[in-house]
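1. let's see this in three dimensions:
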Amino acid sequence: VADVTVTNDDDDTAGVTIGGVSGHTSESGTAATFTVKLTADPTDDVTIAFSSSDTSEGTVSPVAVTFGSSDGTWNIDQVVTATGVDDAESDGNVAFTITTAATSTSDGSDNMLPVVDVTVTNDDDDTPNVMLGAVGGHTAEDGTTSTFTIKLST
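-> Just a heads-up that it's a prediction; the model follows:
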């Protein structure tokens, strides 16, 4: 019987999958999560770094995830958490971005792959209040006036 040559074509495409955000964060500390995983088995460890576009509205943890080339974690969802930050401003619900860096690895096919940024909304918990200052004097029918100040508390 003659030898037979067989070629196994690799049909996996290197890439990154980002899962949907679980919801909003809030100034009371509510967190939102999303997942990240690779689409193909790398030949070396692959790292993706994360940062917040506005740390006064939200933070991100962990700041990086690594997918192992030899431990089989490349296709397992890694959870990333965005946590809302409290401020004293009545600024409404504010969107911020979890910025993702391109992949980093010594594996040529998986290095510098673009990764989609994730938008999160931090729900405001501050309510604007009006503060009235003391009234300075009395008014009268002859046109005497009185003054006072009005300002927002937040």
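2. what about stretch 92-104, how long is it end to end?
-> For stretch 92-104, the first-to-last residue distance is 36 Å (CA to CA, to the nearest Å).
3. what does that stretch contact?
-> Residues from elsewhere that reach stretch 92-104 (CB atoms under 8 Å, 6 or more residues apart in numbering): 16, 18, 24, 34, 36, 46-54, 57-58, 60, 80, 82, 110-124. Using the backbone N, CA and C atoms, a C-beta is placed for each residue, glycine as well.
4. confidence score at residue 119?
-> Looking at residue 119, its pLDDT reads 97.
5. so who does it touch?
-> Under the criterion of CB under 8 Å, 6+ apart, the contact list for residue 119 reads 21, 95, 96, 97, 98.
6. go ahead and report the secondary structure state at it.
-> Applying DSSP: H, G, I helix; E, B strand; the rest coil to residue 119 yields a three-state assignment of strand.
7. residue 139 versus that one, what's the distance?
-> Computed with CB to CB, to the nearest Å, the distance linking residue 119 and residue 139 is 53 Å.
8. likewise for residue 23?
-> According to CB to CB, residue 23 and residue 139 sit 52 Å apart.
9. name the strands paired with the lowest-mean-pLDDT helix or strand in the chain and say parallel or antiparallel.
-> Ranked by mean pLDDT, DSSP states H and E, the weakest helix or strand in the chain is strand 130-132, scoring a mean of 74. Under the criterion DSSP bridges, strand 130-132 sits next to strand 150-152 (antiparallel) in its sheet.
10. looking at it, residue 127 is touching residue 90, isn't it?
-> Yes. Using CB atoms under 8 Å, residue 127 is in contact with residue 90, at 6.2 Å.
11. who has more neighbours out of the two?
-> residue 90 (14 against 8; other CB atoms under 10 Å).
12. so who does that one touch?
-> Residues touching residue 90, when contacts are defined by CB under 8 Å, 6+ apart, comprise 124, 126, 127, 128, 152, 154.
13. tell me the one of those residues nearest residue 145?
-> Distance to residue 145, by CB to CB, is smallest for residue 152 among the contacts of residue 90, at 23.8 Å.
14. specify the beta-bridge partners of residue 96.
-> residue 120.
15. count the neighbours of it for me.
-> Residue neighbour count, defined by other CB under 10 Å, stands at 23 for residue 96.
16. repeat for residue 128
-> Tallying neighbours of residue 128 according to other CB under 10 Å, which is how burial is gauged here, yields 10.
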